[in-house]
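Q: this one's sequence-less:
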């Protein structure tokens, strides 16, 4: 690395370190264990969905549903990190201050909801796409506005709930395509 690159790299590293410290200070002051918002995020959006998932998941299709849910989690996490870092949206209250985005939504609640819809459409032979679009509509135009109303989620820079709906649709479609590719490879494993 040349001198200019090292200088810019060190500036970025220093700014990231300062941002991390500021986020931790913010969390300790406004989003800590003493706030009702923390407990709502922890219990309702993180613990409760996992408990329900444990008792409700179809164990016959557990790996299929888990793989699809993991796909949802990964794509939502990447999208959320991008959106937060670009200043498109933010979360005034967080479970953990060092992880951008909302861990309880990206890793638990949203993937679990999509897994339940996938499970339900598999077990009842319903159209996956129609019901998943329905869930995306609910999350974008009812759930996220409720979070916004209670200052748990903020939109910035011209982003609106319709943009979120489009993101939900892209993410569930991408996750379904990847899941279908793996299912196809599993069915055709003898031909290789």
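A: Arrived safely, thanks for sending. Nothing here was measured: the structure is a model prediction, and the numbers come from that model.

Q: buried set for stretch 162-178?
A: Buried residues in stretch 162-178, counted by 16 or more other Cβ atoms under 10 Å: 164-165, 167-169, 171-172, 175-176, 178. Quick note: C-beta positions are derived from backbone N, CA and C, even for glycine.

Q: stretch 23-40 now?
A: 23, 27, 31, 37-38.

Q: hmm, who's touching the helix or strand where residue 146 lies?
A: Of the helices and strands defined by DSSP states H and E, residue 146 is found in helix 144-149. Applying Cβ atoms under 8 Å, 6 or more residues apart in numbering, the external contacts of helix 144-149 come out as 153-155, 161, 164.

Q: give me that answer again for 6 Å
A: 153, 161, 164 (Cβ atoms under 6 Å, 6 or more residues apart in numbering).

Q: could you do stretch 75-86 as well?
A: By Cβ under 6 Å, 6+ apart, stretch 75-86 touches 89-90, 100-101, 106, 110, 167, 171, 174.

Q: show me where the protein has helices.
A: Assigned by DSSP state H, the helices in the chain fall at 3-30, 36-39, 48-56, 62-85, 103-104, 110-123, 128-138, 144-149, 161-187.

Q: report pLDDT for residue 94.
A: In this model, residue 94 is scored at 89, pLDDT.

Q: contacts only, for it.
A: residue 31.

Q: measure it to residue 138 for me?
A: 23 Å (Cβ to Cβ, to the nearest Å).

Q: go on, residue 67?
A: For residue 67, the distance to residue 138 - Cβ to Cβ - is 23 Å.

Q: so between those two, which is more surrounded?
A: residue 67 (17 against 14; other Cβ atoms under 10 Å).

Q: look up the closest residue to the more buried one, ignoring the ones flanking it.
A: residue 179 (5.9 Å; Cβ to Cβ, 6 or more residues apart in numbering).

Q: next: residue 121.
A: residue 128 is the one closest to residue 121 (Cβ to Cβ, 6+ apart), at 4.3 Å.

Q: burial measure for that neighbour, as a count.
A: The burial count for residue 128: 14, using other Cβ under 10 Å.

Q: dump the residue contacts of the residue most central in space within the chain.
A: A centroid search over the chain (Cα atoms, centre = their mean) returns residue 106, at 2.1 Å, as the residue closest to the centre. Taking Cβ under 6 Å, 6+ apart, we find residue 106 in contact with 76-77, 80.

Q: which intervals of this structure have sub-threshold pLDDT?
A: 190-192 (pLDDT under 70).

Q: quick one, domains of it?
A: 1-30, 33-191 (automatic domain parsing).

Q: among these, which is the most enclosed?
A: domain 33-191 (a mean of 16; mean count of other Cβ atoms under 10 Å).

Q: ok now it, how far from the chain's centre?
A: Centre-to-centre, domain 33-191 and its host chain are 5 Å apart (Cα atoms, centre = their mean, to the nearest Å).
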